[in-house]
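Engineer: Predicted model follows, preceded by the sequence.
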Amino acid sequence: MLTTSPRGTQDILPGQSYKFQYVEDTFRDLCRRFGYQEIRTPVFEHTELFQRGVGEATDIVQKEMYTFSDRSNRSLTLKAEGTAPAARAFVEHNMQALTQPIKLFYITPVFRYERPQAGRYRQHEQCGVELFGTLSPQGDAEVIILADSFYRQLGLSHYELFINSVGCPTCRATHGEALRQALGEVLTDLCTDCRARYDRNPMRILDCKNERCQELTVNAPTVRAHLCPECEGHYAQVKQTLSDSSISYKENPRLVRGLDYYTHTAFEFISTGIGAQSAIGGGGRYNGLIETVGGQPTPGVGFGLGVERILLAIEMEGVKIPEPQPLDVFVAALGATASQAGFSLVQKLRRAGLSAEKDLLDRSLKAQLKFAGKLNAKRVIILGEDELTRGIAAVKDMASGEQQEIALADLEQALRK
RNA sequence: GUGGAUAUAGCUCAGGUGGUUAGAGCACCAGAUUGUGGCUCUGGGGGCCGUGGGUUCGAGUCCCAUUAUCCACCCCA
């Protein structure tokens, strides 16, 4: 126990961390181009925020939260998703008083008590954006296009975008009634989960993956069929805007996401071929959320994308992530005097902006060269007593193997080339 | 939370029906080269055989529990 990380967590070692950095850097750059600014919220929040924001009836709140009491008996919960905390910050910092819309992005760990498997962890990294303060269908389209651009920028293409409209509270109530009527007779044949959903949130029955439930509900009324004219118009415009932007999507009238705050547009990006946990991103509009967490009614739309799953997709598609920069120069020294001089030289080169390294284990010259090769050094400066007294150094190009003598005073300039 | 599979060196894996000092490849270290990497050759260091218990004269091997990983369900990213 002492020597293993907790279940569902992982150490991201240097051989992997540069890949996370690459994905995150790509996301930051894209967000900058789309005008989104970073927000960093605490890694834990008052439990109540998720209960109210995400919804008491959701799986996340009912069985997946990491909830604990602190020493003052406050109930706190590790960040279970990114949107509710962002909405809380929006309210707390009075962002409705600022120029609208508010465009935020985040890169954050998310914690959920789930059974781990490929592509599913108890702590994972999410990149997300939240666009607050606009009802425009162009807002929905913008965040979807941002996510799509992100995948494209990373070189992914084996994925599909599914969209749906889950309506507003008004049409959802109408639909719920219609669903209850249609399913009343088969209620006892539905799975236990769906029987519970029947009362609490009948819409989610349509999203059940149980084969039997799918058969029974194949002709059940979808939300689509009960959208009010306003929701219908909004959805049509979102689709139109996506089409105008050459974003291909598929409609899935049964797409209902497992967080209660969604209204109108819901969407998911599904990767093909990374296993059962294939959703590499998802989101939607949440026009009631800000109000739910105590703010003035403010519309919003956003998404969350799973970094680990994106990396799985990158691997599956054979996309190459740029390797870390090779080492500019390795200083190999012979003997104590040269070693001290080499140490100073390394600092000087680093100050000059070069990446420079030196042996710290008193290795033989041969071993130092081998080490330099392993570090992928472009050049090695060889420094012995002989070179020191002559005021020069041997500079070896590791790719060609060629070696030349350069005056110590000219080293920096020579290495810049 | 449910069902199934797996767990041997840093990594990938061998180790018929229980039987002496548990092996290989790669990786690591050193030597062949008294101051020159990659290739080659030689040698070396590394393993509470996931953990705990049981059966047995004897367990890496059989049984039970536990933990972890993987797959499916559920859900999500």
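Structural biologist: Received, thanks.
Engineer: What's the first helix or strand after the helix or strand that residue A:233 is a member of?
Structural biologist: Secondary structure here is read from DSSP states H and E; on that basis residue A:233 sits in helix A:229-244. Next in sequence after helix A:229-244, counting helices and strands by DSSP H and E, comes strand A:250-251.
Engineer: residues in contact with residue A:330?
Structural biologist: Contact analysis of residue A:330 by CB atoms under 8 Å, 6 or more residues apart in numbering lists A:356, A:357, A:358, A:368, A:371, A:372, A:375, A:377, A:379, A:380, A:381. Heads up, the C-betas are built off the backbone N, CA and C, glycines and all.
Engineer: possible to save those residues as a markdown table with secondary structure, neighbour count and pLDDT?
Structural biologist: Written out in a markdown table, the entries for the contacts of residue A:330 read as follows (DSSP: H, G, I helix; E, B strand; the rest coil; neighbours: other CB atoms under 10 Å; pLDDT from 0 to 100):
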| residue | secondary structure | neighbour count | pLDDT |
| --- | --- | --- | --- |
| A:356 | strand | 23 | 96 |
| A:357 | strand | 19 | 95 |
| A:358 | strand | 21 | 95 |
| A:368 | helix | 22 | 95 |
| A:371 | helix | 18 | 94 |
| A:372 | helix | 25 | 95 |
| A:375 | coil | 15 | 91 |
| A:377 | coil | 23 | 94 |
| A:379 | strand | 20 | 95 |
| A:380 | strand | 26 | 96 |
| A:381 | strand | 27 | 96 |
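Engineer: can I see the domain layout of chain A?
Structural biologist: Split into domains by automatic domain parsing, chain A comes to A:14-168+A:228-316, A:329-416.
Engineer: deepest of those domains, which one?
Structural biologist: Burial among these, expressed as mean neighbours by mean count of other CB atoms under 10 Å, is greatest for domain A:14-168+A:228-316, which shows a mean of 19.
Engineer: right, is that one up against RNA strand B?
Structural biologist: Yes - Domain A:14-168+A:228-316 lies within reach of RNA strand B by CB under 7 Å from any atom of the strand, at A:58-60, A:64, A:81, A:110, A:112, A:114-122, A:124, A:126, A:257-259, A:268-269, A:275-282, A:304-306, A:308-309.
Engineer: tell me the SS of the residue in the stretch 251-400 of chain A that RNA strand B sits nearest to?
Structural biologist: Distances from the stretch 251-400 of chain A to RNA strand B, computed as CB to the nearest atom of the strand, single out residue A:258 as the nearest residue at 0.8 Å. The assignment at residue A:258 comes out as coil when based on DSSP: H, G, I helix; E, B strand; the rest coil.
Engineer: in chain A, which segments are predicted with low confidence?
Structural biologist: Counting by pLDDT under 70, chain A contains low-confidence ranges at A:1.
Engineer: Swap in 80 and give it another go.
Structural biologist: Across chain A, the stretches falling below the confidence threshold (pLDDT under 80) are A:1-3, A:185, A:187-197, A:199-201, A:207-215, A:417.
Engineer: So in it, which helix runs the longest?
Structural biologist: Ranked by residue count, the top helix of chain A under DSSP state H comes out as helix A:14-34.
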